[in-house]
Each structure stands twice: as structure tokens, then as C-alpha cells.
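Chemist: sequence and computational prediction follow.
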Amino acid sequence: MIGSRSRPPLRTDLSQITESIAAADADAFVAVGDRFDDDLRYLTRVAGSERTYALVVAPADDAAGRAVCCVSPEIRERAEREFVSGSRQSEATEGGDGDRTGDTGRPFRDGVAREVRTDRAGDHAGERAAAVVRDLCGGDGGDRTLLVPASIPHDAAVYLERAGNELASTDAVATARSRKTNAELDRLRRVQRAAAAGVARAEAVLAESEVADAAAVGGDGSDRRPALRWDGAVLTAERLRRAVNAALAAEGVGDAGDTTIDAGRSPTDHSHVGTTTLRPGETVVVGVSPRGPDGYRGDLTRTFVVDGDGGWERRASVAVEAAREVALGEVEPGVPIATVGGEAAAELAAYGFDPNAGPDGAGATGETVHGVGMSRYEAPSSGTDLRAGHVIAVETGVRDPTVGRVCLGDLVAVSDDGCELLAGHPLGITPETR
């Protein structure tokens with residue numbers, strides 16, 4: 001279970017933002033959002049509330065920069081603890097493994113002075129941010145350039161522009177988030193272990209299930225096999241999803257609404273009704289992507305078949321396992337992300353699965369390689385070369401609309417000389433009680 005003991009502190013090096021301000025010849029950086037804004041949570045480490053809040057970062061003569069977090073009064077104590085005090089951990093507390101030191105070998109200390117403000121709490125967060133910009137940058141005149149994330153809310157942007165500021169979009173936050181510190185890797189390992197526990201629960205349920213008598217469930221008039229039964233009732237996708245989510249909760253993580261069960265020929269857009277009946281001989285794809293207490297996500301996918309006949313699903317499983325091995329073997333610094341996915345597709349093609357199959361065709365599913373962190377999908381993405389500190393989901397899969405889908409997905413961290421699998425689960429397609 002995820003706990004709080006012996007966890008390296010989470011801090012964000014805001015000098016990355018001040019350096020971006022200087023490089024763009026801008027005056028300040030502003031982010032505005034709510035508790036669902038992963039960029040803002042990453043920058044402040046404040047979980048936030050229902051009300052929007054803001055962060056302003058600007059250069060300073062007496063420090064590497066100044067950062068002001070504007071929050072509502074009810075979360076001031078939390079913001080002081082997580083945004084201000086959390087950035088002042090002593091070296092003794094860090095224990096040498098708190099954060100990545102970076103290419104230059106510098107310790108974390110970013111030299112950015114942090115403070116929390118709760119004044120003008122009734123104003124819009126964009127107005128409050130504009131007032132802080134005037135305070136930090138001096139004067140009431142305009143002609144200031146502010147860097148903002150592309151995700152900044154429209155109304156906040158309007159307030160900032162009305163105050164005489166010109167806004168320029170920046171990818172500085174996405175770039176900073178893409179390379180994980182040791183503390184972030186610690187959270188990702190923990191939540192991925194919880195994801196593995198969720199998948200293990202799904203496998204155990206499937207291994208314990210039995211084939212129901214066709215007459216007992218009424219049949220559906222099709223050529224499909226009778227239902228699976230577990231714990232005295234027909235096993236549906238919804239029942240299995242709930243069992244997985246209960247296992248995740250026991251591990252101290254939330255399912256984030258992203259636990260998916262794709263059964264047999266059911267749709268793969270994850271909008272299928274939970275009453276989908278699970279049947280022997282059909283593929284069951286279990287996808288788990290929980291969110292940990294600090295906001296970091298896991299990502300793990302496995303496929304199972306109860307009482308399979310060793311036909312298509314077995315051939316598909318062998319191909320997907322081989323593609324997964326090839327893809328993971330490509331993960332190292334300097335390799336383009338597209339190469340990882342391309343090598344997996346080539347391996348599937350060698351097994352006879354069309355890598356260019358359309359949405360409704362039989363062949364490779366075109367599963368993606370993408371970054372994972374506080375968001376399930378974040379940088380790095382296609383078009384990027386891998387670097388040490390990147391954390392990516394590597395997913396390979398094939399489908400046949402008349403049969404089902406087989407997919408494997410894992411979370412790996414790019415290291416200096418290869419990659420680290422951040423927890424996992426056995427690959428066998430036949431479910432076992434482990």
C-alpha cells in the first residue's frame with residue numbers, strides 16, 4: 001500500500017521557468033487553473049480546491065526569481081506547507097536521493113523565493129495574477145510580455161491582456177514535466193505497483209471463474225459460448241472493473257475513471273455498457289491507469305482468455321509479446337520515440353499482422369508510445385528523442401473485429417543506459433491464481 005514514510009520530498013525546480021523567461025526576453029510567467037490542472041499542480045505542488053488559483057514567476061534582483069501563489073484563504077495552510085515549506089527541505093532530509101541534480105550536477109536549490117497570497121480572494125484568479133505581475137515587475141504601464149501555458153483559461157487570459165500584458169505561449173512547463181526527478185520516479189513506481197495489484201486482482205477473478213450452464217443464463221441466440229460465473233453470479237465487465245478498483249483502493253490509489261475492461265468483440269472506445277458478459281474463449285483486455293495521492297499516474301495493460309482454444313488469441317499473444325520485447329529493447333537515451341513504436345509495428349508485421357490496418361480492419365492496433373506523469377498523456381511524445389528521466393508507456397496490440405483484441409502495456413523510465421520497468425505483471429494470456 002502507498003504510504004508516506006521514507007518518501008523523498010516532491011519539489012519543482014522553478015529556475016527552469018525563470019530561465020525560459022530570460023530566453024524569451026519576457027517579463028514573467030503566469031499559470032491559472034483549478035485542482036484539475038496538472039501543470040499548475042506540478043509547479044506549485046498544491047492540490048488546489050474547486051476555486052481557480054494562480055502562479056506568477058518573475059526574475060528578481062535579490063534572488064534567482066520570485067514566485068507568488070495566489071490561493072483562496074481556506075487552502076492557505078496547505079499552500080504554505082506544499083509550495084513554500086516543501087521547497088526548503090534540508091540536505092539531511094533529502095538523504096541524497098530527493099531529486100535529479102541535472103546535467104550540471106547542481107543540487108535542487110533553485111534560489112527562487114516563494115510566497116503565498118490570499119488577498120483579493122473575491123477577484124478572479126486572472127485579476128489577482130495581473131496585480132501580482134504589476135507588483136513584481138513594477139509600474140502600472142503595459143508593454144509587458146508574459147509567458148503562459150497553452151492551457152491557460154480564456155477568461156484568465158482576457159484579464160491579463162486587459163491589464164496591458166501581451167501573452168506568449170510556452171512549452172516550458174511541458175518540457176520540465178517530461179524529465180522526472182528521483183522523487184517523481186518514487187511516486188510513479190509506487191502507483192505502478194498499485195496498478196499491478198489491480199491487474200493481479202482481475203487475473204485472479206478470471207482464474208476463479210467458471211463456465212455457466214447455457215440454460216441457466218438463458219442464452220442469447222448467438223454462436224457465442226455461455227457466460228462466465230464468479231462468486232455466484234454472471235461475470236460482467238462491470239463486475240470485473242469494480243473488483244479491480246477495489247484492489248486499487250486497498251493500495252491507496254484512485255482509479256481516476258480509467259479502469260477499462262474490453263471483452264471479446266465489444267467496442268474498444270471504452271464507452272461500452274458495463275453489463276457486457278464475459279465468456280470463455282474470448283479476450284479480456286484489462287487496462288489500469290490509477291492516480292496516486294500526489295497526482296502521479298500508473299499505466300498497465302494485460303490480456304487474458306479463460307478456456308481459450310489456442311487459436312487466434314494464442315498467435316496474437318505470441319506476436320504482441322515479441323513486439324513488446326523489441327520495443328522495450330529500443331528504449332534508451334537518444335532514440336526517437338517514433339523508432340520505438342516503429343520497431344514494434346515491424347515485429348507485428350513479421351507475424352502477419354498488418355501495421356496499417358484501418359480502424360475497423362484486422363491487424364496492429366497502432367497502440368502508442370507516450371509520456372506519463374501527472375497526466376496519463378504528456379510529454380514526451382512522437383517526434384521527440386528519449387532522454388534520461390523520461391517516463392513512457394509502451395503499448396503494443398493487435399485486433400480482429402470478429403474475434404477480439406490482445407494488448408500489452410507497461411510503464412518504463414529511461415535511464416542513462418537503457419530503461420527500468422516500473423513494476424509489472426506476468427505476460428501469460430491464461431489467467432492464473434498467483
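Modeler: Done, it's in.
Chemist: Gly281 and Pro359: what is the separation?
Modeler: For Gly281, the distance to Pro359 equals 25 Å [Cβ to Cβ, to the nearest Å]. All C-beta spots, glycine's among them, are computed from the backbone N, C-alpha and C.
Chemist: I should have written Ala23 there, sorry.
Modeler: Separation of Ala23 from Pro359 (Cβ to Cβ): 42 Å.
Chemist: if we can go back for a sec, could you check which of Gly281 and Pro359 has the larger neighbour count?
Modeler: Neighbours per residue, other Cβ atoms under 10 Å: of Gly281 and Pro359, the larger number sits with Gly281, 17 against 9.
Chemist: pretty sure that one sits in a strand.
Modeler: No: looking at Gly281 with DSSP: H, G, I helix; E, B strand; the rest coil, it is coil, so not inside a strand.
Chemist: what residues are up against it?
Modeler: By Cβ atoms under 8 Å, 6 or more residues apart in numbering, the residues touching Gly281 are Arg225, Val305, Val306, Asp307, Gly308, Asp309.
Chemist: looking at these, which is nearest Ala31?
Modeler: Val305 (46.3 Å; Cβ to Cβ).
Chemist: right, and the closest one touches Gly311 too?
Modeler: No: between Val305 and Gly311 there is no contact under Cβ atoms under 8 Å: 10.0 Å.
Chemist: same drill for the two, tell me which one is more crowded.
Modeler: Ranked by neighbour count (other Cβ under 10 Å), Val305 and Gly311 place Val305 first, with 25 against 11.
Chemist: please name the bridge partners of the more buried one.
Modeler: In this entry, Val305 is beta-bridged to Thr283, by DSSP bridges.
Chemist: in contact with it, which residues?
Modeler: Gly281, Glu282, Thr283, Val284, Glu313, Ile429, Thr430, Pro431.
Chemist: just the pLDDT for the last one.
Modeler: I take that to be Pro431. In the prediction, the pLDDT value recorded for Pro431 is 96.
Chemist: so Asp18 sits in a helix?
Modeler: Heads up, residue 18 is Thr, not Asp. Yes: counting by three-state DSSP, Thr18 is located in a helix.
Chemist: and it, what pLDDT?
Modeler: pLDDT, Thr18: 95.
Chemist: ok, back up a step: most neighbours among the contacts of Val305, please name it.
Modeler: Using other Cβ under 10 Å as the neighbour test, those are led by Val284, with 29 neighbours.
Chemist: strands of the stretch 51-200 of the chain, start to end?
Modeler: Secondary structure of the stretch 51-200 of the chain, counting by DSSP state E, counting those that start in this stretch: strands at 53-58, 65-70, 112-117, 144-149, 165-170.
Chemist: neighbouring contacts of the fourth one?
Modeler: Applying Cβ under 8 Å, 6+ apart, the contact partners of strand 144-149 are 20-21, 24-31, 39, 133, 137, 157, 160, 164-170, 172-174.
Chemist: out of those, which are inside helices?
Modeler: Using DSSP state H, the members of the contacts of strand 144-149 that fall in helices are Ser20, Ile21, Asp39, Val133, Cys137, Ala157, Leu160, Ala172, Val173, Ala174.
Chemist: which residue lies closest in space to the fourth one, excluding its sequence neighbours?
Modeler: Nearest residue to Val133 in three dimensions, chain neighbours excluded: Ala28, at 5.4 Å (Cβ to Cβ, 6 or more residues apart in numbering).
Chemist: and what of the first one?
Modeler: If the residues on either side of it in the chain are set aside, Ser20 comes closest to Ala172, at 3.8 Å by Cβ to Cβ, 6+ apart.
Chemist: the one you found is in contact with Phe29, isn't it?
Modeler: Yes: taking Cβ under 8 Å as the definition, Ala172 is a contact partner of Phe29 at 7.4 Å.
Chemist: looking at the two, which has the bigger crowd around it?
Modeler: Using other Cβ under 10 Å as the criterion, Ala172 and Phe29 rank with Phe29 on top: 28 against 21.
Chemist: residue contacts, that one?
Modeler: Counted by Cβ under 8 Å, 6+ apart, Phe29 has contacts 17-18, 20-21, 55-58, 146-148, 170, 172.
Chemist: same check on Ser178?
Modeler: For Ser178, the contacting residues are Gly371, Gly373, Glu378, Ala379, Pro380, Thr384, Arg387, Gly389, His390, by Cβ under 8 Å, 6+ apart.
Chemist: for Gly404, same thing?
Modeler: Per Cβ under 8 Å, 6+ apart, neighbours of Gly404: Asp262, Ala263, Gly264, Arg265, Glu282, Thr283, Val285, Glu313.
Chemist: that one and Arg279: what is the separation?
Modeler: Using Cβ to Cβ, Gly404 is found at 10 Å from Arg279.
Chemist: identify the contacts common to the two.
Modeler: Listed contacts common to Gly404 and Arg279 are Ala263, Gly264; contacts here mean Cβ under 8 Å, 6+ apart.
Chemist: tell me the pLDDT at Ser49?
Modeler: In this model, Ser49 is scored at 79, pLDDT.
Chemist: that one touches Arg35, doesn't it?
Modeler: Yes: the criterion here is Cβ under 8 Å, and Ser49 meets it with Arg35 at 6.0 Å.
Chemist: okay, now the unreliable bits of the stretch 251-400 of the chain?
Modeler: 266-275 (pLDDT under 70).
Chemist: just confirm Pro226 is within a helix.
Modeler: No: according to three-state DSSP, Pro226 belongs to no helix; its state is coil.
Chemist: from Ile429, how far off is it?
Modeler: On the measure of Cβ to Cβ, Pro226 and Ile429 end up 21 Å apart.
Chemist: repeat that for Asp385.
Modeler: 34 Å.
Chemist: Arg279 now?
Modeler: Noted for Arg279: a distance of 15 Å to Ile429, by Cβ to Cβ.
Chemist: next one: Leu160
Modeler: The value you get for Leu160 to Ile429, if Cβ to Cβ is used, is 54 Å.
Chemist: can you count the residues close to Phe36?
Modeler: For Phe36, using other Cβ under 10 Å, the count is 9.
Chemist: now do Ala246
Modeler: 13.
Chemist: stretch 333-344: how far from the chain's middle?
Modeler: Stretch 333-344 sits 20 Å away from the centroid of its parent chain (Cα atoms, centre = their mean, to the nearest Å).
Chemist: ah, wrong one, I meant stretch 277-296
Modeler: 15 Å.
Chemist: now that stretch: buried residues?
Modeler: Along stretch 277-296, these residues count as buried under the neighbour rule (16 or more other Cβ atoms under 10 Å): 277-296.
Chemist: one more: stretch 331-345?
Modeler: Under the neighbour-count criterion of 16+ other Cβ under 10 Å, stretch 331-345 has Val331, Pro333, Val335, Ile337, Thr339, Val340, Gly341, Glu343, Ala344, Ala345 buried.
Chemist: now find how far off-centre that stretch is within its chain.
Modeler: A distance of 19 Å separates the centroid of the chain from that of stretch 331-345, by Cα atoms, centre = their mean.
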